[in-house]
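Q: would you be able to build a 3D model of this:
(one chain, ligands or ions: 2)
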Amino acid sequence: MTLMMSRNALEDYGLVNLGTIHWNLSPAALVEHALTQQEGQLAANGAFCATTGSHTGRSPKDKCIVSNDSSSSRIWWGENNHPMEPETFAIVRRSLADYLQGRDVYVLDAAAGADPHYRMPIQVITELAWHNLFARQLFLRSNESDLTTERPGFTILCVPHFHTNPRTHGTRSSAAIIIDFEERLVLIAGTQYAGEMKKAIFTVLNFILPAEGVLPMHCSANVGNSGDVALFFGLSGTGKTSLSADPDRRLIGDDEHGWGEHGVFNFEGGCYAKCINLSQKYEPQIWNAVRFGSVYENVVLDQKTREPNYADASLTENTRVAYPVDYIDNVITTGIGGQPQAVIFLSADSFGVLPPISRLSTEQAMYYFLSGYTSKLAGTETGITTPQATFSSCFGAAFLPLHPIEYANLLRERIERYKVRCYLINTGWTGGPYGTGERININYTRSMVRAAISGALEQVDTVTDSVFGLHIPTSCPDVPGRLLQPRQTWSDPEAYDQQAARLAELFKQNFVQFSSIEEAVRRAGPN
Ligand SMILES: Nc1ncnc2c1ncn2[C@@H]1O[C@H](COP(=O)(O)OP(=O)(O)O)[C@@H](O)[C@H]1O
Ligand SMILES: C=C(OP(=O)(O)O)C(=O)O
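A: Ligands and ions are numbered 1, 2, ... in the order given. Prediction:
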């Protein structure tokens, strides 16, 4: 049955005269093929290490959405989505099919969306064996229900060694990530960054699910012993994966979730952790998840011992490891949790002025969610080498095909209905901006997260920040009190005031685009 579906799909996409088609290979077989393709090597701990060179991040200009009639009116053509004509898409698709003639391909049947009500079958066709291994570990494994479901699927065709030519293909660069919602097909060319596959499906679900009453979220999720679910929103590198891996709470997922009628569910079946400076001491769970079947990207191995050197950023800062979610010790294997009780926004503030933790009113939650203030941390995007202040709506603007206010309204409705506690946590700099101050110790951040989730901060007195209006707890268990008030951590408080004013101004400028939002939310920002 699966084979039949796969063969038809291949032909539908013009993929004929291929070499050998490898269907649903096991991880061990995929590793063997990846070694034969000479696309990487095995690390001493058993992980397959793919080396893709320094171009390992995304470039904002490469992502296009095919602007046919049915999608055009709904798409948010912000700076992240570029329209592409169906004819241009057809040219790229034909070129990929021509390129693949006579070549082996790897085909995987998988799925996205752990809640059976929303589960979507996906098929991943890749040129490289290790990309197929990545997809196998990152997406949900296919099951019987995927063969009979009425829900239409989506296909990814990932051909990294084919580079597009802007002149002949009409693309914006030599790489292209193109989503066609009508054909239900994603084309990826000219980039080996495996994250594009998962983020493309995330973009797809961000388009499809709101129409079904589900809020798609760029967040990690975990659950405590009493069933209390917590969500951690944040742009890449702000701590979703690290902070949700908690020995005292069970992991639901580390990056992409939906919040529907029945609660929260993971879109994926695996995690994608950053491993720059990964340490056994600070991140034991992620450390232990690296084993046979895991896939490293651009981690430098010692050529004699094959031991990973996590400190080596010579290929990229954005070194990664992908592994199935159950490689983490305490997980919710169904990928489904209940209704959240706590929502945490993670902002890595490179200005060093946001408080390490603040309690948010619902209006503030809306304001900070829409603003999505954070820093782009080095590596994930091409050309970013130092943290750069940015506003990424809903903490994931790059993946949003609808206007941010649509997602924000869905979030507000849920926060109010379930009386969810909301916090803003700065996982970035303290004691000064990037370059002068230092990144907040992750163990302190963990203590703040624990206190926020448990409700321990609800009764604690707060002081109101004079610039941002944020409510800063005056104490937090296991965190030095001085750290909580950022102005007190700077050696020059006047420099702090200037920097805070600068950031407040950036917030205001950015929020102009949301002038249609109600006044109470507009007023919840910096004054
Ligand atoms: N205070 C902190 N809070 C969270 N992460 C931190 C902190 N300080 C340093 N880090 C590092 O930042 C990175 C966060 O990456 P990750 O959790 O993978 O982000 P995301 O999942 O949001 O992309 C990790 O390498 C982590 O060790
Ligand atoms: C995989 C990515 O996101 P995150 O770091 O949030 O996992 C990415 O942005 O490429």
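Q: the residue in the stretch 101-250 of the chain positioned nearest to ligand 2: neighbour count?
A: The nearest approach of the stretch 101-250 of the chain to ligand 2 comes at residue 236, 3.1 Å away (Cβ to the nearest ligand atom). Every residue, glycine included, has its C-beta placed from N, CA and C. The number of residues packed near residue 236 is 27, by other Cβ atoms under 10 Å.
Q: repeat for the one 5 residues further on
A: Residues lying near residue 241 (other Cβ under 10 Å) number 27.
Q: list the residues that contact the nearest residue to residue 51 once chain neighbours are set aside.
A: Of all residues not flanking residue 51 in the chain, residue 40 sits nearest, at 5.5 Å (Cβ to Cβ, 6 or more residues apart in numbering). Contacts for residue 40 (Cβ atoms under 8 Å, 6 or more residues apart in numbering) come out as 34, 48, 49, 50, 51, 130, 296.
Q: now residue 453
A: Applying Cβ under 8 Å, 6+ apart, the residues near residue 453 are 224, 228, 230, 249, 341, 342, 344.
Q: is it possible to get a markdown table of those that adds secondary structure, pLDDT and neighbour count?
A: Formatted as a markdown table, these follow (DSSP: H, G, I helix; E, B strand; the rest coil; pLDDT from 0 to 100; neighbours: other Cβ atoms under 10 Å):
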| residue | secondary structure | pLDDT | neighbour count |
| --- | --- | --- | --- |
| 224 | coil | 98 | 17 |
| 228 | coil | 97 | 18 |
| 230 | strand | 98 | 30 |
| 249 | coil | 98 | 21 |
| 341 | strand | 98 | 20 |
| 342 | strand | 98 | 19 |
| 344 | strand | 98 | 28 |
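Q: now residue 258: how far from residue 134?
A: For residue 258, the distance to residue 134 (Cβ to Cβ, to the nearest Å) stands at 22 Å.
Q: more neighbours, these two?
A: residue 134 (30 against 25).
Q: the more buried one: which element?
A: helix 129-138 (DSSP states H and E).
Q: which helices and strands does that helix pack with?
A: Judged by 3 or more Cβ pairs under 8 Å, 6 or more residues apart in numbering; DSSP states H and E, the packing partners of helix 129-138 are helix 27-36, strand 48-50, strand 105-112, strand 120-126, helix 195-208, strand 270-274, strand 295-297, strand 320-324.
Q: reformat the ones you listed as TSV; add distance to ligand 1 and mean neighbour count.
A: TSV is the format used below for those (distance: least, Cβ to the nearest ligand atom, whole Å; neighbours: other Cβ atoms under 10 Å):
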stretch	distance to ligand 1	mean neighbour count
helix 27-36	22	18
strand 48-50	18	25
strand 105-112	18	25
strand 120-126	22	24
helix 195-208	10	23
strand 270-274	4	26
strand 295-297	13	27
strand 320-324	8	25
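Q: what distance do you get for the residue of the stretch 1-150 of the chain found nearest ligand 1 to residue 166?
A: Residue nearest to ligand 1 within the stretch 1-150 of the chain: residue 57 (12.2 Å; Cβ to the nearest ligand atom). Counting by Cβ to Cβ, the gap from residue 57 to residue 166 is 19 Å.
Q: what about the spatially closest residue to residue 83 that is not a sequence neighbour, neighbour count?
A: Once flanking residues are discounted, residue 83 sits nearest to residue 67: 3.8 Å by Cβ to Cβ, 6+ apart. For residue 67, the neighbour count with other Cβ under 10 Å is 21.
Q: list the contacts for residue 67?
A: 75, 83, 84, 85, 86.
Q: pull up the residues of the stretch 51-200 of the chain that are close to ligand 1.
A: By Cβ under 6 Å from any ligand atom, no part of the stretch 51-200 of the chain sits against ligand 1.
Q: tell me where the stretch 51-200 of the chain has strands.
A: 63-66, 82-84, 105-112, 120-126, 140-141, 154-159, 176-180, 185-189 (DSSP state E, counting those that start in this stretch).
Q: before we move on, what about the stretch 251-400 of the chain?
A: Using DSSP E, counting those that start in this stretch, strands in the stretch 251-400 of the chain cover 257-260, 263-266, 270-274, 295-297, 300-301, 308-309, 320-324, 340-347, 357-360, 373-376, 388-391.
Q: turn those into a markdown table, including distance to residue 118.
A: Formatted as a markdown table, the strands of the stretch 251-400 of the chain follow (distance: least, Cβ to Cβ, whole Å):
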| stretch | distance to residue 118 |
| --- | --- |
| strand 257-260 | 6 |
| strand 263-266 | 7 |
| strand 270-274 | 18 |
| strand 295-297 | 26 |
| strand 300-301 | 39 |
| strand 308-309 | 37 |
| strand 320-324 | 21 |
| strand 340-347 | 17 |
| strand 357-360 | 28 |
| strand 373-376 | 28 |
| strand 388-391 | 29 |
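Q: so for residue 484, which of those sits nearest?
A: strand 357-360 (6.9 Å; Cβ to Cβ).
Q: for the closest one, packing partners?
A: strand 421-426, helix 442-454, strand 471-473.
Q: picking that back up, from the contacts of residue 67, keep the buried residues only.
A: 75, 84 (16 or more other Cβ atoms under 10 Å).
Q: ok, the contacts of residue 67 vs residue 400, which is closest?
A: Among the contacts of residue 67, and counting by Cβ to Cβ, the member closest to residue 400 is residue 75, at 9.7 Å.
Q: tell me how far residue 127 lies from residue 477.
A: The value you get for residue 127 to residue 477, if Cβ to Cβ is used, is 51 Å.
Q: between the two, who's got more neighbours?
A: More crowded of residue 127 and residue 477, by other Cβ under 10 Å: residue 127, with 24 against 12.
Q: need the residues of the stretch 201-350 of the chain near ligand 2, please.
A: So the stretch 201-350 of the chain meets ligand 2 at 236, 237, 240, 255, 272 (Cβ under 6 Å from any ligand atom).
Q: what's the burial count for residue 368?
A: Residue 368, neighbours per other Cβ under 10 Å, totals 25.
Q: just checking, it touches residue 359?
A: No. Applying Cβ atoms under 8 Å as the test, residue 368 and residue 359 come out as separate, 11.6 Å apart.
Q: state the number of residues packed around residue 60.
A: 16.
Q: check contacts around it.
A: 79, 80, 381, 398.
Q: on that earlier part again, which one of the contacts of residue 67 is nearest residue 17?
A: For the contacts of residue 67, the nearest to residue 17 is residue 86 (24.5 Å; Cβ to Cβ).
Q: per-residue confidence for residue 353?
A: Residue 353 carries a pLDDT score of 96 in this model.
Q: re earlier: ok, the residues of the stretch 201-350 of the chain next to ligand 2 vs residue 333, which is closest?
A: Relative to residue 333, and with distances defined as Cβ to Cβ, the nearest of those is residue 255, at 17.1 Å.
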